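> Here's my sequence, what's the structure:
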Amino acid sequence: MSRQIVIHPEAELDLADAYEWYDEQRSGLGEELLLSIEVTLEAIRENPEQFPVVHKDVRRALIRRFPYGVFYLVEKEVVVVLAIFHARRDPKHWQSRSWPKFPR
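Have a look, this model is predicted:
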């Protein structure tokens with residue numbers, strides 16, 4: 001069963017920051033990041049349990065070609081993306097975020 005993806009506002013900010021940084025490095029690279037993330041989100045949507053649990057109930061899907069992970073919760077009817085985070089950043093930053101409540 002394919003679930004709806006809900007992106008937490010802070011994860012949207014993570015993505016915007018990453019896009020901007022990569023596009024400053026080379027024009028068009030930010031778009032390549034977005035495409036890689038879209039592919040990963042589609043894989044999550046189709047089979048969210050395929051990726052490992054890394055903290056409590058939070059799972060992580062790594063992005064191909066870029067050192068980022070998508071951190072998400074699998075809820076009853078939706079997948080909630082909590083963070084899109086660089087692999088070298090301190091995970092305590094995303095772990096301290098308030099998590100939205102959805103029925104499990």
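> now for the lengthiest strand in the chain, which elements pack on it?
Assignment by DSSP state E gives strand 78-86 as the longest strand of the chain. For strand 78-86, the packing partners by 3 or more CB pairs under 8 Å, 6 or more residues apart in numbering; DSSP states H and E come out as strand 4-7, helix 9-25, helix 29-46, strand 68-74, helix 92-95. C-beta here means a position set from N, CA and C on the backbone, and glycine is covered the same way.
> Mean neighbour count for these - can I get that in TSV?
Listed next are those as TSV, based on neighbours: other CB atoms under 10 Å:
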stretch	mean neighbour count
strand 4-7	15
helix 9-25	15
helix 29-46	16
strand 68-74	23
helix 92-95	14
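> Make a markdown table from these and add distance to residue 61 to it.
What follows is those, written out as a markdown table (distance: least, CB to CB, whole Å):
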| stretch | distance to residue 61 |
| --- | --- |
| strand 4-7 | 12 |
| helix 9-25 | 13 |
| helix 29-46 | 5 |
| strand 68-74 | 5 |
| helix 92-95 | 14 |
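> Identify whichever of those lies nearest to residue 55.
helix 92-95 (5.9 Å; CB to CB).
> Report the mean per-residue pLDDT for that closest one.
The pLDDT scores in helix 92-95 average 60.
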